[in-house]
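Undergrad: Dropping the sequence and predicted coords here.
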Amino acid sequence: MNSFEINKIITAILVTVLVVFGIGKISDVIFNKDDKNIVAYKVEAPEDSAVQTSAEASVDINALLAMGDIAHGEQVFRKCKSCHSIKQGGKNNIGPKLWNVMFRPVGAVTEYKYSKALSSYGKEWGWEEMNGFLIKPSTWIKGNKMGFAGLKNEKDRASVILYLNQNSDNPKPLP
């Protein structure tokens, strides 16, 4: 091995070291890493997303239910049938049976094992409660095990609520 070959190897090693450390220094300058405790850059979530969920939950229930239609609710409820039974005398599936669900306490079906979140919730399925839950179940009652994404469309939600109310021994009059 001659001296020219040794010079090429040493130069390659030095260039590699300079490139690796140089990229680190250049990225520190570009991204202005002043605080050594910052691991990542903070991404601000749009504020109106959280506000929208609470605003949708506190919607005028009379106006919302006026948008609904029981026949449309039956069609939308098909999404729910894979986990819930709506028939009178029906059985529990992955989710509890929903006959008489409106205006009964949350977690009241004794033959069904609810999550701790639903068992201890302590409210009943009224108009507003069902509307809020159907928007996005995981955020309305945190810790429940229902894996449904929710119904964002107001007409769909209103229609399902009317359909659930209709499937009862004693349907309640609309507010």
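TA: Right, received. Where do you want to start?
Undergrad: Let me see the ranges of the helices in this protein.
TA: Counting by DSSP state H, the chain has helices at residues 3-31, 47-57, 61-67, 70-76, 116-119, 127-135, 137-140, 154-166.
Undergrad: CSV please, covering those and showing mean neighbour count, distance to Asn100 and mean pLDDT.
TA: All C-beta spots, glycine's among them, are computed from the backbone N, C-alpha and C. Shown next, in CSV, are the helices of the chain (neighbours: other CB atoms under 10 Å; distance: least, CB to CB, whole Å; pLDDT from 0 to 100):
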stretch, mean neighbour count, distance to Asn100, mean pLDDT
helix 3-31, 10, 58, 88
helix 47-57, 12, 23, 47
helix 61-67, 14, 19, 91
helix 70-76, 16, 16, 95
helix 116-119, 15, 16, 92
helix 127-135, 21, 13, 94
helix 137-140, 17, 19, 92
helix 154-166, 22, 9, 95
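Undergrad: Of the ones you listed, which is nearest Asn92?
TA: Closest to Asn92 of the helices of the chain, according to CB to CB: helix 116-119, at 13.4 Å.
Undergrad: that older thread, can I get the helices of the chain in JSON lines including distance to Gly147?
TA: Below are these laid out as JSON lines (distance: least, CB to CB, whole Å):
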{"stretch": "helix 3-31", "distance to Gly147": "38"}
{"stretch": "helix 47-57", "distance to Gly147": "18"}
{"stretch": "helix 61-67", "distance to Gly147": "25"}
{"stretch": "helix 70-76", "distance to Gly147": "17"}
{"stretch": "helix 116-119", "distance to Gly147": "13"}
{"stretch": "helix 127-135", "distance to Gly147": "14"}
{"stretch": "helix 137-140", "distance to Gly147": "8"}
{"stretch": "helix 154-166", "distance to Gly147": "17"}
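Undergrad: Between those helices, which one is closest to Ile86.
TA: Nearest to Ile86, of the helices of the chain and by CB to CB, is helix 154-166 at 7.6 Å.
Undergrad: Touching that closest one from outside, list them.
TA: Where contact means CB atoms under 8 Å, 6 or more residues apart in numbering, the residues beyond helix 154-166 that reach it are 56, 59, 64-70, 72-77, 80, 86, 98, 101-102, 127, 130-131, 134-135, 151, 171-172, 174.
Undergrad: same thing but at 7 Å, please
TA: If you take CB atoms under 7 Å, 6 or more residues apart in numbering as the criterion, helix 154-166 is touched by 64-65, 67-70, 72-74, 76-77, 98, 101-102, 127, 130-131, 134-135, 151, 171-172.
Undergrad: Tell me the gap between it and the middle of its chain.
TA: Chain-centre distance of helix 154-166: 20 Å, with CA atoms, centre = their mean, to the nearest Å.
Undergrad: For the nearest residue to Ser159 once chain neighbours are set aside, which residues are in contact?
TA: Once flanking residues are discounted, Ser159 sits nearest to Gly73: 3.4 Å by CB to CB, 6 or more residues apart in numbering. The contact partners of Gly73, taken as CB under 7 Å, 6+ apart, are Ser159, Val160, Leu162, Tyr163.
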